[in-house]
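1. One predicted model, sequence on top.
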Amino acid sequence: MTEAIRLWIRAKDSLQAAIDAVRGHPNSSASRSYYAAFEAVRALLTLDGKTFSKHTAVKAAIRRDLVHPGLWPMQLGQEYRRLMRLRNRGDYGGPDVSAQEAEEAVALATSIPDAVRKLRPDVFA
């Protein structure tokens with residue numbers, strides 16, 4: 001199994017966990033939503049030989065390698081940043097993530113793997 005596929009499977013697993021946790025555990029749902037997006041983007045970038053483990057490096061790579069060249073609309077970069085903020089609240093404190101925000105996070109987290117899949121349908125199913 002390639003690293004890209006391993007990361008893609010992690011992204012799908014995280015998204016399912018986010019969906020399962022929306023109502024009962026919105027903080028966890030927001031965190032898993034973010035990780036679904038994080039792993040999906042890492043999977044895509046790995047195909048170009050770019051590997052990242054730091055969250056800020058992935059955020060910068062989205063802007064540099066996906067948004068600026070026009071592969072992704074600016075809105076997707078903004079959605080990723082929104083997921084980062086929700087994850088930080090859910091994991092590290094601040095106001096708890098509401099069920100409504102958790103649902104929003106799941107929707108955002110779904111859009112990012114969808115965008116990854118559209119760029120590389122030959123790899124990501």
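-> Sure thing, it's come through. Numbers count the residues shown, from 1 in each chain.

2. What is the helix or strand where N88 lies packed up against?
-> Under the criterion of DSSP states H and E, N88 resides in helix 74-92. Using 3 or more CB pairs under 8 Å, 6 or more residues apart in numbering; DSSP states H and E, the elements in contact with helix 74-92 are helix 26-46, helix 55-61, helix 99-119. C-beta coordinates here come from the backbone N, C-alpha and C atoms, glycine included.

3. Name the nearest residue to the residue sitting nearest the centre point of the chain, ignoring sequence neighbours.
-> The chain has A37 as the residue nearest its centroid, 1.0 Å off, counting by CA atoms, centre = their mean. Closest residue to A37 apart from its sequence neighbours, by CB to CB, 6 or more residues apart in numbering: I112 at 4.0 Å.

4. Can you give me every residue that contacts the one you found?
-> Residues near I112 by CB atoms under 8 Å, 6 or more residues apart in numbering: 36-37, 40-41, 76, 79-80, 83.

5. right, and the pair among those residues with maximum separation?
-> A36 and L76 (13.7 Å; CB to CB).

6. more neighbours, those two?
-> A36 (28 against 21; other CB atoms under 10 Å).

7. how much space between that one and G49?
-> Per CB to CB, to the nearest Å, A36 is found 23 Å from G49.

8. again, but for Q75
-> 27 Å.

9. For those two, indicate the residue with more neighbours.
-> Between Q75 and G49, counted using other CB under 10 Å, the more crowded position is Q75 (11 against 6).

10. Tell me which residues touch that one, please.
-> Contacts of Q75 by CB under 8 Å, 6+ apart: none found.

11. Enumerate every residue touching the closest residue to V41 other than its chain neighbours.
-> For V41, ignoring the flanking residues on the chain, the nearest one in space by CB to CB, 6+ apart is V58 at 5.6 Å. Shown in contact with V58 (CB under 8 Å, 6+ apart): 38, 41-42, 45, 52.
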